[in-house]
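> pasting the sequence and the predicted model now:
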Amino acid sequence: MLRPAPGPTWIAHADPRATQLLVSLWFVATSDRAGRAAARAIAEEILAQRLKYVRSDLSASYGVSARYRTSRFGDAIRIEGNCDAARAGAAVRWILDALERLRLGDGELAADFVRARRKLLAAALADAADVGAMADRLEDAVVDGLPVDGGAWEMKAVAATTVADVQAVLAADLQPARMVGLLSGAKQVVDATLAAAGITGAVQVAEPN
């Protein structure tokens, strides 16, 4: 199990060659990998849909991704994207607020859940007819220690998952105390973003000359 220092922990990386600001947030996940696989998949899709706002409304990024990363040492959620320097502060603050709303289970979660579950079920049905996609899913199942039955387990599990299941995963896996955040870019941009987002106590790291 990954055991980060109690956080959130912020790293401010000054890169004089950067033209944008890289925002990378890692949350150590504590939900059960196998028992909550379907709920995690739905939660991941909800995160992706929410984070589209950074591009569509804030026009601050070409896209911010959200993915579960698994390893033998433990699991984490990685949220990452490059942001426009002038809008980075607003984008980071919005992302943090959005993650907190999801962790607490806001009023939009139920509708987001329905859309995300429907999308995953449609994707699973489409993959069942695609030999290459099915092979990839079987490989992923073996790596993650999940049942190997052609993906049928996933469709059944996703269909049986409730919004309460997903809320429990989000509450467990988006704990601020288990987050490490990296802001990497030109020093003046990093400093301005920290100030605009209200982030204090960041560890300063400079790129060697």
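Received it, and whenever you're ready, just let me know what you need.
> hey, let's count contacts and neighbours off CA atoms from now on
OK.
> what sits closest to Phe113 if chain neighbours are left out?
Leaving aside its sequence neighbours, Phe113 sits nearest to Val163 (C-alpha to C-alpha, 6 or more residues apart in numbering; 6.2 Å).
> do the same with Arg78
Trp26 (4.7 Å).
> confirm that neighbour sits in a helix?
No - assessed with DSSP: H, G, I helix; E, B strand; the rest coil, Trp26 is strand; it does not lie in a helix.
> tell me the contacts of it?
Shown in contact with Trp26 (C-alpha atoms under 8 Å, 6 or more residues apart in numbering): 76-79, 179-181.
> of the residues you listed, buried ones?
76-79, 179-181 (16 or more other C-alpha atoms under 10 Å).
> by average pLDDT, which secondary structure element in this protein comes out worst?
Least confident element among the helices and strands of the chain, by mean pLDDT, DSSP states H and E: helix 131-144 (a mean of 59).
> helices or strands up against the longest helix seen in the chain?
Looking across the chain with DSSP state H, the single longest helix is helix 109-128. Counting contacts by 3 or more C-alpha pairs under 8 Å, 6 or more residues apart in numbering; DSSP states H and E, helix 109-128 packs against helix 37-51, helix 131-144, helix 152-160, helix 163-173.
> mean pLDDT lowest for which of the ones you listed?
Note on these: helix 131-144 shows the lowest mean pLDDT, a mean of 59.
> in the chain, which residue is most central in space?
Ala66 (3.0 Å; C-alpha atoms, centre = their mean).
> what residues are up against the residue nearest to that residue when sequence neighbours are not counted?
Leaving out its chain neighbours, the residue that sits closest to Ala66 by C-alpha to C-alpha, 6+ apart is Ile79, at 4.4 Å. Taking C-alpha under 8 Å, 6+ apart, we find Ile79 in contact with 23-26, 64-67.
> tell me the one of those nearest Ala39?
Using C-alpha to C-alpha, Arg67 comes nearest to Ala39 of those, at 13.2 Å.
> confidence score at that closest one?
Arg67 carries a pLDDT value of 96.
> helix, strand, or coil at it?
Here Arg67 takes the strand state, with states given by three-state DSSP.
> quick check: the farthest pair among the contacts of Trp26?
By the measure C-alpha to C-alpha, Ala76 and Gly181 form the most distant pair in those, at 12.5 Å.
> can you list the buried residues in stretch 81-93?
Under 16+ other C-alpha under 10 Å, the buried positions of stretch 81-93 are 81-85, 87-93.
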